[in-house]
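>>> starting from these lines, generate the structure:
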Amino acid sequence: MLCEGNDPVVFKVIDGKSEVQDQDAEGNGIVFEDHKDSIEKAIRDCPVSAISWGQESGAELMENEGLAEDPTVDTIPAEEDMGMAA
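Okay, here's the model as predicted:
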């Protein structure tokens, strides 16, 4: 849920899990490079290190290839994301 707070266009909590969206509310494709600052903040703020740029960290990917990869979120229930697991 922290990631959705950092960028509600890119991240949505669906069925208790954070998911990366590829379209905005109007159905337009999301250009992740336009959201790189908020995505990087979400990566840094994630308490369980569940968000990354593809297979490499964001810093490595930007240095090596630019933002060619979409951000990914490991499947972790929102309660765990907030440190509130039962």
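>>> report the mean per-residue pLDDT for stretch 9-23.
Stretch 9-23 comes out with an average pLDDT of 88.
>>> in that stretch, what counts as buried?
10, 11, 13, 17, 18, 19, 20, 21 (16 or more other Cβ atoms under 10 Å). Using the backbone N, CA and C atoms, a C-beta is placed for each residue, glycine as well.
>>> and the third one, that's in a strand?
By that I understand residue 13. Yes. Per DSSP: H, G, I helix; E, B strand; the rest coil, residue 13 lies within a strand segment.
>>> picking up where we left off before, closest one of the buried residues of stretch 9-23 to residue 54?
residue 20 (11.2 Å; Cβ to Cβ).
>>> specify the beta-bridge partners of the closest one.
Per DSSP bridges, the residues bridged to residue 20 are residue 11.
>>> where do the strands sit along this structure?
Under the criterion DSSP state E, strands of the chain are mapped to 11-14, 17-20, 51-53, 71-73.
>>> now those as TSV including distance to residue 37?
Supplementary listing: the strands of the chain in TSV, determined by distance: least, Cβ to Cβ, whole Å:
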stretch	distance to residue 37
strand 11-14	14
strand 17-20	16
strand 51-53	13
strand 71-73	12
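>>> before we move on, back to that, and which of the buried residues of stretch 9-23 is nearest residue 31?
Using Cβ to Cβ, those come closest to residue 31 at residue 10, 10.2 Å.
>>> who's in contact with that closest one?
Applying Cβ atoms under 8 Å, 6 or more residues apart in numbering to residue 10 gives the contacts 3, 20, 21, 30, 32, 35, 38, 39, 42, 71.
>>> CSV for those residues, including distance to residue 53?
Listed next are the contacts of residue 10 as CSV, based on distance: Cβ to Cβ, whole Å:
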residue, distance to residue 53
3, 13
20, 11
21, 16
30, 14
32, 8
35, 12
38, 13
39, 8
42, 11
71, 6
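>>> which one of those residues is nearest to residue 52?
The closest of the contacts of residue 10, once distances to residue 52 are taken by Cβ to Cβ, is residue 71, at 7.1 Å.
>>> just to check, the closest one is in contact with residue 53?
Yes. Using Cβ atoms under 8 Å, residue 71 makes contact with residue 53 at a distance of 5.7 Å.
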